[in-house]
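> return a 3D structure for these sequence lines:
(one chain, ligands or ions: 1)
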Amino acid sequence: MKPISEQPGTSESGGSESPSGASPPPRLDLRAATGSGIFAYAEAPESVRPEIADRYGLYINGRFTDPTSSKRFTTINPANEETISEVAEANETDVDAAVRAARGALPAWSGLPGKERGKYLYRIARRIQERARELAVLETIDGGKPIKESRDVDIPLAAAHFFHHAGWADKLEYAFPGRAAKPVGVCGQIIPWNFPLLMAAWKIAPALACGNTVVLKPAETTPLTALRLAEICAEIGLPPGVVNVVTGAGATGSAIVDHPGIDKIAFTGSTEVGRLIARSVAPTNKRLTLELGGKSANIIFEDASIDQAVEGIVEGIYFNQGHVCCAGSRLFVQESVVARVVSKLRDRMSTLRVGDPLDKNTDIGAINSKAQLATIERYLESGSSEGAERHSFGSDLPAKGFFCRPTFFTGVQPSHSIAREEIFGPVLSVMTFRTPEEAIGRANNTPYGLAAGVWTDKGSKIFDTAKHLDAGVVWLNTYNKFDPTSPFGGFKESGFGREGGRHGLLAYLA
Ligand code: NAD
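Coordinates of the predicted model:
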């Protein structure tokens, strides 16, 4: 395999490509205006540094307690590889204590009038807003995502989920008329590392609104904002045991899944672990919802506004370093416009700034962990060795930390692993189609079914394409837009169940 050039915006072939054979239009040298050019941005580091304890306990029954095993693990900053804090590792005994606390709190919590439960949710939402800057910085330090995303997306949306569900708490009988709104009981909730506080909010807010109590486990690489949320629960006076947060890795998650005192499991994570959980839960009476992986299609028709679509491609795959379950990782471009789209995409990508996640100008932060970076690098290798052409962008990477240049591949075949498997990184596979039928067929040719994007100026084409796509969410002339009023979830190997909107409440009602 040829070594890829370290220069920003170069392809393995060293020149500009024209996948359809047509000559691409001349390109602007946008690098001159960004990166190391004369108009380079000055550094704009976030100045707030939240207080972070040297060690954290488990949040059980309204108190932080030490783990019974005394075992702890470290959480590190992926942007500089420094240890941030030590976090407790919960074993089966700790999980049992958390489940008992949640069970003990259930009668009083579920017996509260919805209006009273709603007040607690409003308080949590407001406290998240009040502590937003601190939470955003903490999320970025612990997870590696750019501060502008934690600040403008993760934290405001987390607050919005609590506000939204606070509003439902006293209106459940209107959500499902004719049905008594009874909670399921004690919910075990396991979340991934890509949107740590937001995923906690997606899980906890509907559960509490419907009168359930919870035991939540954040991912082992990003536990700090869930623990801060536990602090907020204590601060606002949430009754002890209603929310319990236990930290640890897969074994702690398994202990939650297998605990007989749990009534419902809500899992967000990989399809592989989702399968294991489905097997464990199958012989029990536990309810289950799974939000799993994806390999979503972003379809650009020739009549689309190409500049707008290019923004949507970038938003679709490079947002949060591509650590997004619904990332638009398979790009399908109508053959007649592929040269234009690829050319404009190259120009746009040469302006992306990769680096310190705490710099407000950074577009692409750190990859969440060393292991995830190794996975992405394996896919980058396989893309080239299977015959696709690699184009990588971005300025010089920091010497320390886990960083990856945003990349797209042209000349991708549907059989290539980069076109079939979830990479969960800033890597896009560009493919083409001729007719709408071919676009739909190729988009649906995946075991996943989480999301899709459609770009066209024709309203009828939008609706006709969207209704034929096997995807839980279809964005039209936009991508990666989230709102608590809108249900989110997948089909096929992307899981089942919905989070958000009225549909999301169903998972938490008996
Ligand atoms: P993961 O499955 O490895 O881990 C997710 C969580 O499960 C973590 O908290 C982990 O500790 C826990 N876990 C691991 N093994 C377990 C086991 N045997 N039993 C119980 N819990 C266990 O996934 P990840 O690498 O953290 O996250 C990335 C994956 O999550 C991607 O596949 C992504 O698509 C998916 N995801 C899906 C959505 C969605 O809404 N569909 C949202 C975000 C992420």
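> use CA for all of it now, contacts and neighbours both
Will do.
> contacting residues around residue 100?
The neighbours of residue 100, taking C-alpha atoms under 8 Å, 6 or more residues apart in numbering as the test, are residue 261.
> dump the residue contacts of the residue in the stretch 301-450 of the chain that the ligand sits nearest to.
Closest approach between the stretch 301-450 of the chain and the ligand, counting by C-alpha to the nearest ligand atom: residue 325, at 3.4 Å. Going by C-alpha under 8 Å, 6+ apart, residue 325 touches 292-295, 424, 450.
> tell me, how many residues neighbour residue 435?
Residue 435 is flanked by 12 other residues according to other C-alpha atoms under 10 Å.
> so how far is residue 305 from it?
Plainly put, residue 435 is 18 Å away from residue 305 if you go by C-alpha to C-alpha, to the nearest Å.
> and what of residue 463?
For residue 463 relative to residue 305 (C-alpha to C-alpha), the value is 17 Å.
> does residue 86 belong to a helix, a strand or coil?
strand (DSSP: H, G, I helix; E, B strand; the rest coil).
> just checking, it touches residue 55?
Yes. In this structure residue 86 lies within contact range of residue 55 using C-alpha atoms under 8 Å: 4.4 Å.
> looking at the two, which is more packed in?
Shown here are residue 86 and residue 55; by other C-alpha under 10 Å, residue 86 has more neighbours (18 against 15).
> helix or strand right after the least confident helix or strand in the chain by mean pLDDT?
Least confident helix or strand of the chain, by mean pLDDT, DSSP states H and E, is strand 10-11 with a mean of 48. Where DSSP states H and E defines the elements, the next helix or strand beyond strand 10-11 is strand 55-56.
> which helices and strands does that next one pack with?
With contacts taken as 3 or more C-alpha pairs under 8 Å, 6 or more residues apart in numbering; DSSP states H and E, strand 55-56 sits against strand 83-88.
> domain assignment for the chain?
Annotated domains of the chain cover 55-292+494-506, 294-476 [automatic domain parsing].
> switch those domains over to a markdown table; also include mean pLDDT.
Output for these, formatted as a markdown table (pLDDT from 0 to 100):
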| stretch | mean pLDDT |
| --- | --- |
| domain 55-292+494-506 | 98 |
| domain 294-476 | 97 |
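> where along the stretch 151-300 of the chain do the helices fall?
155-168, 172-175, 196-209, 224-235, 250-258, 271-281 (DSSP state H, counting those that start in this stretch).
> out of the ones you listed, which one sits most buried?
Of all those, helix 196-209 has the most neighbours on average by mean count of other C-alpha atoms under 10 Å, namely a mean of 26.
> what about it, distance to the chain center?
With C-alpha atoms, centre = their mean, to the nearest Å as the basis, helix 196-209 stands 14 Å off its chain's centre.
> that one close to the ligand?
No. Helix 196-209 lies out of reach of the ligand by C-alpha under 6 Å from any ligand atom, never closer than 7.4 Å.
> and the stretch 401-510 of the chain, which residues reach the ligand?
Counting by C-alpha under 6 Å from any ligand atom, the residues of the stretch 401-510 of the chain that sit close to the ligand are residue 489.
> likewise for the stretch 101-250 of the chain?
190-193, 218-220, 249-250.
> again, only using 5 Å
Within the stretch 101-250 of the chain, the residues that sit near the ligand (C-alpha under 5 Å from any ligand atom) are 191-192, 219, 249-250.
> neighbour-wise, which of those residues leads?
residue 191 (26 neighbours).
> thinking again about what came up before, and the residues of the stretch 101-250 of the chain next to the ligand as a markdown table, adding distance to residue 95?
Listed next are these as a markdown table, based on distance: C-alpha to C-alpha, whole Å:
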| residue | distance to residue 95 |
| --- | --- |
| 191 | 16 |
| 192 | 18 |
| 219 | 15 |
| 249 | 12 |
| 250 | 13 |
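> how near is residue 204 to residue 245?
To residue 245, residue 204 is 11 Å away according to C-alpha to C-alpha.
> can you list residues touching both of these two?
Any residue near both residue 204 and residue 245 by C-alpha under 8 Å, 6+ apart counts here, and that gives residue 216.
> does residue 432 touch residue 336 like I think?
No. Applying C-alpha under 8 Å, one finds residue 432 not in contact with residue 336, separated by 9.2 Å.
> which one's more surrounded, the two?
residue 432 (24 against 16).
> hang on, residue 78 packs against residue 367?
Yes. Using C-alpha under 8 Å, residue 78 is in contact with residue 367, at 6.8 Å.
> shared neighbours, those two?
Listed as contacting both residue 78 and residue 367 by C-alpha under 8 Å, 6+ apart are 144, 402.
> strands of the stretch 101-250 of the chain, start to end?
186-190, 213-217, 243-245 (DSSP state E, counting those that start in this stretch).
> mind giving me the packing neighbours of the last one?
Taking 3+ C-alpha pairs under 8 Å, 6+ apart as the contact definition, the neighbouring helices and strands of strand 243-245 are strand 58-60, helix 92-111, strand 213-217, helix 224-235.
> can we see that at 7 Å?
strand 58-60, strand 213-217 (3 or more C-alpha pairs under 7 Å, 6 or more residues apart in numbering; DSSP states H and E).
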